[in-house]
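# Here you go, sequence then predicted model.
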Amino acid sequence: MWLILSLLTAFFTAFSALMSKKATAYFNRVYLILLVPLLTSAVLLSTSNLVILDSRFFLYLLLSASLSFATSNLQLWAYEHGEISQLFPLVNFTPFFMLLTSPVLLGEYPSAGGIVGVLLIIFGAYILHLESGQTDFLAPLKLVWKSKPSMDMVGVAFLWSLNGAVDKMGILVSNPGIWGGSVKLSVAVLTLAFFPLYVRKKHLKIKKKQFSPSKIHYIILPAVFSVLILLTSFHAYTLTNVAYVISVKRLSSLIVIILSQYMFREKNILQRLTGGVIMLAGVLIISVFT
């Protein structure tokens, strides 16, 4: 059952990313970070069974909401300024970061298989950013470092490596619906709290087609997929190791690469699919050997 739920999470994650990318063409990311979580929380909280909450719930909620808020800002900015078929597979760095944090937080060190998996993830990122005419062997990795959208997605991967464990702890002291709805509502509240900063930084620029009624489905669909992601992934977390769920969820990167050709007419799809497959192989090796 956990495998089925994780596969569903992968599909929902891919479509959520694609719809979010589409939404950034019509709506300012700040409004997306506010409205999509509000819709998501309304659905989850209104359909979930009430539970008695203790102090641990609110501590975990503060941590998860803060990480989710930062992730949403980085992710949507990257989608707006880069090609999703090149950017989204970089979330496969999540298990790489988990291997780095485990020795510090848990005293667990990577096995030989884990190191091989890390090298494959790095090589896959290399292929993703390989361009014709490059003479510098390290140019693709330098491109990742110098590209703000790419580094933002690497940042998303790092934050996700921390948030998976927090989400599981939050679910265990509540339930998937209450937890997911509370996190999303908290993200919306944080967005409102940061509005003065967004105004000062001029991040609230209205786009030409902002709030067009014909485009409102680009706000509704990410919210629908967000609900489905939270329900399937959070239920899967309660059935198995979080790392296993996250590893299967990474199949979403291949789905995004394939569909981006049809939705956004992005190029170099075969090369990026190769890089995505290599990164996914690294993720699976890490899952098996750690």
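Arrived safely, thanks for sending.

# Which strands and helices lie in contact with the host helix or strand of residue 229?
Element membership of residue 229 [criterion: DSSP states H and E] is helix 217-237. Other elements packing on helix 217-237 under the criterion 3 or more C-beta pairs under 8 Å, 6 or more residues apart in numbering; DSSP states H and E are helix 2-23, helix 29-47, helix 148-172, helix 176-193, helix 242-249. In this view, the C-beta of every residue, glycine as well, is placed from N, C-alpha and C.

# after the second one, next one along is what?
Think helix 29-47. Of the helices and strands lying after helix 29-47 in sequence (DSSP H and E), the nearest is helix 55-81.

# could you dump the next helix or strand after that following helix to CSV, C-alpha only?
Reading on from helix 55-81 to the C-terminus, the next helix or strand found by DSSP H and E is helix 84-87. C-alpha atoms of helix 84-87 as CSV (Å, rounded to 0.1, in the frame of the first residue of the first chain):
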residue,chain,number,x,y,z
ILE,A,84,11.2,23.2,-15.5
SER,A,85,12.6,20.2,-17.4
GLN,A,86,16.1,21.3,-16.3
LEU,A,87,15.2,22.6,-12.8
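
# Packing partners of helix 84-87?
In terms of contact count using 3+ C-beta pairs under 8 Å, 6+ apart, helix 84-87 is assigned the packing partners helix 2-23, helix 148-172, helix 252-264, helix 269-289.

# Need those helices in CSV (columns: distance to residue 58 and mean neighbour count).
As requested, the helices and strands packed on helix 84-87 are arranged in CSV below (distance: least, C-beta to C-beta, whole Å; neighbours: other C-beta atoms under 10 Å):
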stretch, distance to residue 58, mean neighbour count
helix 2-23, 26, 21
helix 148-172, 10, 21
helix 252-264, 30, 20
helix 269-289, 32, 21
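
# how about the ones you listed, which one is nearest residue 237?
Within the helices and strands packed on helix 84-87, the stretch nearest residue 237 is helix 148-172; the backing value is 4.6 Å (C-beta to C-beta).

# Give me the distance between the closest one and the centre of its chain.
The chain centre lies 7 Å from the centre of helix 148-172; the measure is C-alpha atoms, centre = their mean, to the nearest Å.

# State the mean pLDDT of it.
The predicted model gives helix 148-172 an average pLDDT of 88.

# and it, what does it pack onto?
Counting by 3+ C-beta pairs under 8 Å, 6+ apart, helix 148-172 packs on helix 55-81, helix 84-87, helix 94-105, helix 139-146, helix 176-193, helix 217-237, helix 242-249.

# Return the member of those helices having the minimum mean pLDDT.
Lowest mean pLDDT of those: helix 94-105, a mean of 69.

# From residue 94, how far off is the residue nearest to residue 246 when sequence neighbours are not counted?
Leaving aside its sequence neighbours, residue 246 sits nearest to residue 164 (C-beta to C-beta, 6 or more residues apart in numbering; 5.6 Å). As for residue 164, its distance to residue 94 is 8 Å (criterion: C-beta to C-beta, to the nearest Å).

# Now do the shared contacts for the two.
residue 246 (C-beta atoms under 8 Å, 6 or more residues apart in numbering).

# shouldn't residue 30 be in contact with residue 199?
No - look at residue 30 against residue 199 with C-beta atoms under 8 Å: they stay out of range, at 9.6 Å.

# out of the two, which sits in the busier spot?
More neighbours sit around residue 30 than around the other of residue 30 and residue 199, counting by other C-beta atoms under 10 Å; the figures are 19 against 11.

# Mind pulling the model confidence for the spatially closest residue to that one that is not a sequence neighbour?
Across the structure, with C-beta to C-beta, 6+ apart as the measure, the residue nearest residue 30 apart from its sequence neighbours is residue 198 (5.3 Å). Residue 198 is assigned a pLDDT of 80 by the prediction.

# shouldn't residue 198 be in contact with residue 31?
No - Residue 198 is not in contact with residue 31 according to C-beta under 8 Å; the separation is 10.0 Å.

# Wait, residue 127 touches residue 277, no?
No - counting by C-beta under 8 Å, no contact exists between residue 127 and residue 277, whose distance comes to 9.2 Å.

# Check the gap between residue 73 and residue 242 for me.
As defined by C-beta to C-beta, residue 73 lies at a distance of 24 Å from residue 242.

# who's more crowded, these two?
residue 73 (22 against 19).

# In contact with that one: list those residues for me.
Contacts of residue 73 were listed using C-beta under 8 Å, 6+ apart, and they are 29, 33.

# check contacts around residue 74.
Counting by C-beta under 8 Å, 6+ apart, residue 74 touches 152-153, 155-156, 159.

# Tell me the one of the residues you listed nearest residue 266?
For the contacts of residue 74, the nearest to residue 266 is residue 153 (15.1 Å; C-beta to C-beta).
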